[in-house]
Every structure is written in C-alpha cells, then in structure tokens.
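**Q** predicted coordinates and the sequence they were generated for:
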Amino acid sequence: MTVLCHRNVKAKGTLQRERSSPRILDIAHFEVNLTKRLQISTMFLTTSSAARGVIFVIMTLNFFVTCDVSHLDARGRGSVQEKALQLDDSLDTTRQLREKRLMQRLFPEPDQTEEYPLHTAQVVRVSMNDFDETFEPDISPEKLEELSFGMGRGVVSTASILNGCSYGKFRFGEFQVTTERTYRKPIIEKVPVTNIKIEAEVQDFYKGLISESDLFELAKKEFVLLHTNYTSLPEFVFMVFPVLIDKPVYEDERYSFFDSDYITDVGNMVRAVGHQIGLTESGEGNYTDADVTGHMGWRMEDEVPSKEKVVNKKCFNAVKSWQLGWYSDRHKTVRPRRMGQKYEVELVPVAQYSEIKPDDEEASVIVKIPNLNSLGDLFIFFNSKRGINAGTNQFLNMVGIYRGGSNSTSYALAGLNVGESYTVENFNNDGTVLTITCSSLFINYFLALPLTDLAKILVSVSIN
C-alpha cells in the first residue's frame, strides 16, 4: 500500500513538519505500542457504534500522518513516488485556496474603484394637468430607456455613442440608488426613468400664460423634492414634457429639456451631454451650428437618411475630440518654423484608434497646429466613415481641417482628398503661408484584411 508520511523536525526552535518520500510499505513494518492497543480496544468496547466509527477515522488519519519513518522500506520509486508527490502537492494547493477564501470572507477587501468613473443620468417624464385629466409625454418609459441607455450590437443610444467613441473612458449609465444595506455592501438599484407631475395647466401654456422657463423651473423643483431621500442627484437629467417645445434647451450644469419629438433624436441627448461637460457648438461658414461631421452641430433636413439611427452613429470633430482627451496618447502638435521644411504626419481615424499598435510611434489621431493670430488653432484628423463613426455627414473619408479653441465655437474649414491642399495666409501674423497637403489616403474596403485606414499629410510654411 502507498502511504504518505511526515516526520517532525525541529528547526530554529520551532517544531515543523517535513514531508518524507513516499514508500511501498508492508503493514507489518509498523509497530504499535501494546499499551496503546489495549487503550484503543477498551475505547471500542465501551463506546457506541457511531463513536467507534469516529475513533477509527481519527486513528487512520493519525496513522498516515504521524507514522514512524524509521521502519520505512526504501523500495518506493518511479511512478508511484511521482503520483504520491503530485497528490500531496494538490492537497497543499487545495488547503491554501481554502485558507485564502476563508480570509476573504472574514476580511473582505473594499471594492476597487473603476479607473474611469461612471457618469449617471436619468430621464424624467413630466406630466401636466389637462382640465380634469393628466397629460403625459407621448413616449413610453421603455422607449426612453432604450434611447438613453440601450447597449448591444446594432443599438444606437446615448450610452452606446459616448461609451463607444470614448473607448470606455466616458462611462455613461443609469442613475443608481442605494435601496438597502447588508452587513457586506449596499444593494444598488438602477433607476433609468422616473415620473413627476407639475401643477401647471396645458391650456395656460398654449395661451401664453405660462412660459417654457416657468415649466422648467417647476419641473426642477419637483425633481429635487423627489430625490430628497437620495444622497446624490444624477449628473445628467433629461426632462421630457408633453407639450411642444420650440427647441431642446440645454443648461450648463445638469438639466436639459425636450418634448416627445426631440427626445427621440439620440443626437439631441448627446449634444446635451456635450454642452454640460463644456463643449460648444460646431459651425461652418457663417453658421455656428452647421458642422455635421460629428455631434455638437445641428442635423440638416436634406441629410436625413432612410435609417435615422445611422445619422447619430458618429463621434465629434477634431476640435471637440482633442478637447475631450479620449485619444490624448495619439495627439500630436506640429509647430512649423523653418521655411520650406515639410512635416509629414500619419493619421489613423477615430473609428480605428484601438487598432493602433502600442509600438507604432508614427501614428496619430489628431494633429494640432498652434496659430498665433486671433483666428484660433488648427486641428486635423482623418474622418473615416466606418464603425462608431459610420454616421458622419461631412468630409466623408477625407482629411478634415477645423479651427477653434477650448471655449469657443469650432468651425469646419476644409476636407482634403489626395493631392489637395489648404492654405492659411499670414500664418502667425508674420506674413508666412501655411500649407497643409493630403499626400496619400488608404481606405480598407476589404474588411477581411487586418489593415487600418491611413492618411498622410504634409505641413509646411513658406513666404508668399
């Protein structure tokens, strides 16, 4: 029979157990003291059958663990020895795992903080009085939850756009409240949509007796009262009214206001979040909101496709993307100084930011060219129409050039194809001319090939 034995060894004043080599043993090699045999026999005679079983188990365990190694035969070798060692090692590993789990239950570690915090939001359905009835928004809570927080393949929602474009760096989700506390940790409940009612008549609003701002203030007060039992408020609050509102209203701190039609456009909610985190409008030409490269510009009537959800599946232009900092490890600042010197930059689109290899030191996502004149800095990126940016409506698969600053409206300037250039006269107020040229464009139309879209630009300054 195969027996695993241990012997007691005294090392440095501490009694330790040292595992000996397994051996093939004959049971007759073990000598048991006669006195112990008599004691054991007496115990068996004076105890019940159940107790005898317990004593037998204890004796057996004690026999295998504390046997006298002086009588071991030295014949045990080969596979039997290896299997015995593996069995003993597995027992030690199992024991360590059990001890670790026990310590974790007794002394649980605090929850680890996420690297990127969760930005919570809540949609509020605001009801009003309509004579003796209650007038509610013409959109269900389920639809509002889907438009705001829906996730999954093919879903276009506020959460999917912000989480997707930021690559998880801007975590947007439902408002959460603590409903109950246990001895270990609180129980969290998600509250994506809630309902309130304000004391205002629909007829008074349409007669002009109550203004939009009056409705907004009444709703805000009622909302705060509803949340008095909570320790915090949602970071973003989308309020939906049953009456028609001239246009979505965005407040800088927390609240935005819609009617049942405007709230169905996910882009309106994304713009609301953008305004509340410090972004401004995106314009073009003489219009401060005409840039539809990404969000923060208004969608034009002639650009609505058959599938409306595709329109909102886009990110932000180069100025806003730089300001958000989601791709900051691939930002590049170019300061052209020497006359005639050309600076070449490789651009990978936002939609393929995650595909850039860590050791690729040449690839950039956004290029910034500081400009000392009052027109603002220039920002450049490759606006590839794919993936999370498939709904972009301007400068499709082109190098986009924009002007703007962190606290001002950005403007779309030009979109470049291969061989095209854009110039800035009197660059840096010193009479020089800045030239930006698109030298090459590669667009991978065969998605089976593991290749990223790539554009190259040349930046230079010269004397006019």
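**A** Yep, it's here. These numbers were taken from a predicted model, which means no experiment stands behind them.

**Q** for residue 122, see how far away residue 230 is.
**A** 11 Å (Cβ to Cβ, to the nearest Å). From N, CA and C alone the C-beta is placed, and that goes for glycine too.

**Q** equivalent analysis for residue 149, please.
**A** 10 Å.

**Q** between the two, what contacts are shared?
**A** Listed as contacting both residue 149 and residue 122 by Cβ atoms under 8 Å, 6 or more residues apart in numbering are 174, 192.

**Q** what residue ranges in the stretch 301-450 of the chain score low on pLDDT?
**A** Counting by pLDDT under 70, the stretch 301-450 of the chain shows low-confidence ranges at 301-311, 372, 374, 406, 447-450.

**Q** which residues in it form helices?
**A** For the stretch 301-450 of the chain, the helices defined by DSSP state H, counting those that start in this stretch cover 308-311, 318-324.

**Q** quick revisit: so between residue 230 and residue 122, which is more surrounded?
**A** Shown here are residue 230 and residue 122; by other Cβ atoms under 10 Å, residue 122 has more neighbours (24 against 13).

**Q** pull up the pairing partners for the strand or helix carrying that one, direction included.
**A** Using DSSP states H and E, residue 122 falls within strand 118-130. Using DSSP bridges, strand 118-130 pairs in its sheet with strand 133-135 (antiparallel), strand 171-174 (parallel), strand 193-201 (parallel), strand 236-241 (parallel).

**Q** can you list these in JSON lines and add distance to residue 436 and mean pLDDT?
**A** Shown next, in JSON lines, are these (distance: least, Cβ to Cβ, whole Å; pLDDT from 0 to 100):
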{"stretch": "strand 133-135", "distance to residue 436": "55", "mean pLDDT": "88"}
{"stretch": "strand 171-174", "distance to residue 436": "34", "mean pLDDT": "88"}
{"stretch": "strand 193-201", "distance to residue 436": "47", "mean pLDDT": "91"}
{"stretch": "strand 236-241", "distance to residue 436": "37", "mean pLDDT": "93"}
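
**Q** figure out which of the ones you listed is closest to residue 127.
**A** Proximity to residue 127 (Cβ to Cβ) singles out strand 193-201 among the strands paired with strand 118-130, at 4.3 Å.

**Q** list the buried ones in the helix or strand just after that closest one?
**A** Heading C-terminal from strand 193-201, the first helix or strand you meet, by DSSP H and E, is helix 202-206. Residues of helix 202-206 classed as buried: 202, 205 (neighbour count, 16 or more other Cβ atoms under 10 Å).

**Q** go on, stretch 229-244?
**A** Buried, per 16+ other Cβ under 10 Å, within stretch 229-244: 234, 235, 236, 237, 238, 239, 240, 241, 242, 243.

**Q** for stretch 152-165, same thing?
**A** Buried, per 16+ other Cβ under 10 Å, within stretch 152-165: 156, 157, 158, 159, 160, 161, 162, 163, 164, 165.

**Q** tell me the mean pLDDT for that stretch?
**A** If you average the pLDDT over stretch 152-165, you get 88.

**Q** start and end of that stretch, how far apart?
**A** Terminal residues of stretch 152-165 lie 14 Å apart, using Cα to Cα, to the nearest Å.

**Q** list the contacts of it.
**A** Stretch 152-165 has contacts (Cβ under 8 Å, 6+ apart) with 121, 146-151, 170-173, 266, 269-270, 273, 295, 309-310, 312-316, 326, 350, 388-389.

**Q** among the residues you listed, which ones are buried?
**A** Looks like the contacts of stretch 152-165 have 121, 146-150, 170-173, 266, 269-270, 273, 295, 312-316, 326, 350, 388-389 buried, using 16+ other Cβ under 10 Å.
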